[in-house]
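[1] Quick one, fold the following:
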Amino acid sequence: MALKRREEEPSGDKKKKKRVGFSAIDSGIEANECIKIFLVRSEEEVGASSHNTVDPVDLNQFFGEDGKIYGYKGLKINVWLSIISFHACAEITFETSVDGGKGITDLEPCLQKLFGESLLEMKEFLQSFSSECQYIRNVVSNGTVVLCKAGEEDDTGSTIEVIRMGLNNLPVGTLYSRLVPLVLLFVEGSVDITDPGWDIYFVVKKTSDQTGDTLIELLGFATVYRFYHYPDSTRLRISQILVLPPYQGQGHGRHLIESVNSIAISENLHDVTAEEPSDYLQHLRLCMDSLRLLTFSPVRTAVTSAAAHLQEVNPPRKPAKPSYWVSDRVRDEILGKDFGGKEKQLVEVPNDYNPEMSFVVFMSQDGSEGSGRGQEQDQEELLNKVVDEEMEEIAEIAKRVSSLRETRRYFIF
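    Okay, the predicted model is just below:
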């Protein structure tokens, strides 16, 4: 872990008198604001800020109760995380360090709390790219391949595999301990690797180099626990599932879930559940379950029958109105179910503002049928009738108001 302090420029006037003052209380800085985490795959990428930056769940939880760092000005922490060996290295820089009333945060224990033994010094970290370039291949070589698919079309010669292994295996447990920081950053919580009930599924990408040597790259993983189900069965629970940020959105999460489902089916287990699934995981499982239902014979028969029935039904005589006719839907809400019957009638009254949204509703006195959307002459007669009725009501009201004023004047004078 590298620790650097920026040198301050020497003062031009050494004879200038120092002013006595009181410094403000240090308000601290949140860890999320000063820490950046980069995923790197080669020694050349270390130190370059243009590579994959990850957005963790919450870094503040590793720095005290309030999640703040105290005692530093201009603090920057860059963490480089290798996706080859899953070691980490932190580079810390700051302008000044002074106790502002709340002490000076010791950064090394906080970072050790997050990254554990995988946190290395810079020199050792750089050497790991060459010394552990085949680390993933050495760990997963003895695992059981559950799923194997060809890679992307633009990535010829590669295959995607899902490999199942027990977490109580020593090399696998060591690899998982290096993956725990990723779990804490993106998933929250870790598992007890000594419990034999835990399995881990690795989704990896296999390619061959020019010499014919096989290269294996870890894309993601899922931890699964076996629970007893009464009376004589077992159920699987997905505890954690994570696809590394550079490979998200490429279907690898689906590969992991498909592999877990295939194990449950092949071993005749009770079911597969997920522990506190995120919204993304729930959406993914819903899509996958919909596709699986189409392969279920009773469901497929019902869907085929419904589709055939829809094709045979004659289209309605009256064409349905498009849903984008908002004005008609608004009118229906105002008029209710009686619109077009024997009582409620509608007359359109176009204006310059919005012709489609201007209309008059009235109740038919003679019970005649019709929607009020007939010829223009009929609409004009109906409109004149409504206007005359309204004018009569206004005149009657004006007459009453005038008589009240006369009565009031009589009593005053």
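[2] hey, let's count contacts and neighbours off CA atoms from now on
    Will do.
[3] In the stretch 201-350 of the chain, where is pLDDT below threshold?
    Low-confidence segments of the stretch 201-350 of the chain (pLDDT under 70): 313-350.
[4] Tell me which stretches of it form strands.
    Counting by DSSP state E, counting those that start in this stretch, the segments of the stretch 201-350 of the chain that form strands are 214-229, 233-243, 272-274, 344-348.
[5] how about those strands in a markdown table, adding mean neighbour count and distance to Val162?
    A markdown table is the format used below for these (neighbours: other C-alpha atoms under 10 Å; distance: least, C-alpha to C-alpha, whole Å):
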| stretch | mean neighbour count | distance to Val162 |
| --- | --- | --- |
| strand 214-229 | 19 | 9 |
| strand 233-243 | 19 | 12 |
| strand 272-274 | 16 | 17 |
| strand 344-348 | 21 | 66 |
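[6] Using CSV, lay out these together with distance to Ile163.
    Shown next, in CSV, are those (distance: least, C-alpha to C-alpha, whole Å):
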stretch, distance to Ile163
strand 214-229, 9
strand 233-243, 14
strand 272-274, 18
strand 344-348, 70
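[7] which one of those strands lies closest to Ile37?
    Closest of those to Ile37 is strand 233-243, at 16.4 Å (criterion: C-alpha to C-alpha).
[8] Could you tell me the angle between that closest one and strand 214-229?
    140 degrees (axes from the mean of the first three to the mean of the last three C-alpha atoms, to 10 degrees).
[9] Give me the contact list for strand 233-243.
    183, 186-187, 219-229, 252-253, 264, 269-275 (C-alpha atoms under 8 Å, 6 or more residues apart in numbering).
[10] Number of residues surrounding the spatially closest residue to Lys68 that is not a sequence neighbour?
    Nearest residue to Lys68, sequence neighbours excluded (C-alpha to C-alpha, 6 or more residues apart in numbering): Glu30, at 4.4 Å. Residues within reach of Glu30, counting by other C-alpha atoms under 10 Å, total 16.
[11] Equivalent analysis for the one 4 residues further on, please.
    Counted with other C-alpha under 10 Å, the burial measure for Cys34 works out to 15 neighbours.
[12] so who does it touch?
    Cys34 neighbours (C-alpha under 8 Å, 6+ apart): Leu75, Lys76, Ile77.
[13] between these, which is closest to Asn52?
    Ile77 (15.7 Å).
[14] Tell me how many other residues surround that closest one.
    The tally of other residues near Ile77 (other C-alpha under 10 Å) stands at 19.
[15] That one: what secondary structure?
    When classified by DSSP: H, G, I helix; E, B strand; the rest coil, Ile77 comes out as strand.
[16] Quick check: it vs Thr234, distance?
    As judged by C-alpha to C-alpha, to the nearest Å, Ile77 and Thr234 stand 46 Å apart.
[17] For the closest residue to Gly101 other than its chain neighbours, give me its contacts.
    Sequence neighbours aside, Ile25 is the residue nearest to Gly101 in space, at 5.7 Å (criterion: C-alpha to C-alpha, 6+ apart). Listed by C-alpha under 8 Å, 6+ apart, the contact partners of Ile25 are Gly100, Gly101, Lys102.
[18] mind checking which helix or strand the first one is in?
    When elements are defined using DSSP states H and E, Gly100 is found to belong to no helix and no strand.
[19] Contact partners for the closest residue to it other than its chain neighbours?
    Once flanking residues are discounted, Gly100 sits nearest to Asp26: 4.6 Å by C-alpha to C-alpha, 6+ apart. By C-alpha under 8 Å, 6+ apart, the residues touching Asp26 are Tyr70, Gly71, Asp99, Gly100, Gly101, Lys102.
[20] Just among these, which is most surrounded?
    Highest count within these by other C-alpha under 10 Å belongs to Tyr70, 23 neighbours.
[21] Now it. Its backbone dihedrals?
    phi -120, psi 150 (degrees, to the nearest 10).
[22] these two touch, right, it and Ser27?
    Yes: using C-alpha atoms under 8 Å, Tyr70 is in contact with Ser27, at 7.4 Å.
[23] For Leu59, see how far away the residue nearest to Gly100 is.
    20 Å.
[24] Phe94 now?
    19 Å.
[25] neighbour count winner among those two?
    A count of neighbours by other C-alpha under 10 Å puts Leu59 above the other of Phe94 and Leu59, at 20 against 16.
[26] contacting residues for that one?
    With contact set as C-alpha under 8 Å, 6+ apart, Leu59 has these partners: Ala31, Asn32, Gly67, Leu185.
[27] Distance check, it against Pro181.
    Going from Leu59 to Pro181 by C-alpha to C-alpha gives 11 Å.
[28] Kindly report the same for Phe125.
    For Phe125, the distance to Pro181 - C-alpha to C-alpha - is 16 Å.
[29] same question, Ile163
    21 Å.
[30] now Leu293
    Relative to Pro181, and taking C-alpha to C-alpha, Leu293 is found at 37 Å.
[31] Between the two, which has more neighbouring residues?
    Between Leu293 and Pro181, Pro181 has the larger neighbour count (other C-alpha under 10 Å), namely 23 against 12.
[32] Contacts only, for that one.
    Contacts for Pro181 (C-alpha under 8 Å, 6+ apart) come out as Leu114, Phe115.
[33] Using the three-state scheme, assign it.
    Pro181 - assigned by three-state DSSP - is helix.
[34] per-residue confidence for it?
    We have a pLDDT of 90 for Pro181.
[35] before we move on, what about Ile136?
    96.
[36] count of neighbours near it?
    22.
[37] same check, this time on the one 10 residues further on
    The number of residues packed around Val146, counting by other C-alpha under 10 Å, is 19.
[38] need the contacts of Cys34 in a markdown table with pLDDT, can you?
    Formatted as a markdown table, the contacts of Cys34 follow (pLDDT from 0 to 100):
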| residue | pLDDT |
| --- | --- |
| Leu75 | 93 |
| Lys76 | 93 |
| Ile77 | 93 |
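[39] will you turn these into CSV that also has distance to Cys148?
    Output for the contacts of Cys34, formatted as CSV (distance: C-alpha to C-alpha, whole Å):
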residue, distance to Cys148
Leu75, 46
Lys76, 43
Ile77, 40
